[in-house]
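Trainee: This is the structure alone, sequence omitted:
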């Protein structure tokens, strides 16, 4: 499981865009994005940099949550 901090989400559309971007990454089995907490939890066998790149392609910022 990978947890990401997501910056730039302001509405439900933003949340859906990030979720769809993460779910579209090969190897992701599940992605849950929280607008309220500005984070995402991703399950699957995928490189974290690939997840971050997918979020950035949608116009948002992502970093690994500690």
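Mentor: Everything's here; your move. In this text the structure is predicted, and so the values were computed from the model without any measurement. Residues are numbered from 1 along each chain as shown.

Trainee: Okay, strands next: where are they in the chain?
Mentor: Shown for the chain, the strands assigned by DSSP state E span residues 2-7, 28-34, 39-44, 61-64.

Trainee: Please work out which of those strands is packed deepest.
Mentor: With neighbours defined by mean count of other CB atoms under 10 Å, none of these is more surrounded on average than strand 39-44, at a mean of 18. Heads up, the C-betas are built off the backbone N, CA and C, glycines and all.

Trainee: same question for that one, mean pLDDT?
Mentor: Mean pLDDT, taken over the full extent of strand 39-44, equals 96.

Trainee: Which elements pack onto it?
Mentor: Using 3 or more CB pairs under 8 Å, 6 or more residues apart in numbering; DSSP states H and E as the contact definition, the elements that strand 39-44 packs against are strand 2-7, helix 12-23, strand 28-34.

Trainee: Now tabulate the ones you listed in a markdown table and tack on mean pLDDT and distance to residue 53.
Mentor: As requested, the helices and strands packed on strand 39-44 are exported to a markdown table (pLDDT from 0 to 100; distance: least, CB to CB, whole Å):
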| stretch | mean pLDDT | distance to residue 53 |
| --- | --- | --- |
| strand 2-7 | 97 | 12 |
| helix 12-23 | 97 | 9 |
| strand 28-34 | 97 | 13 |
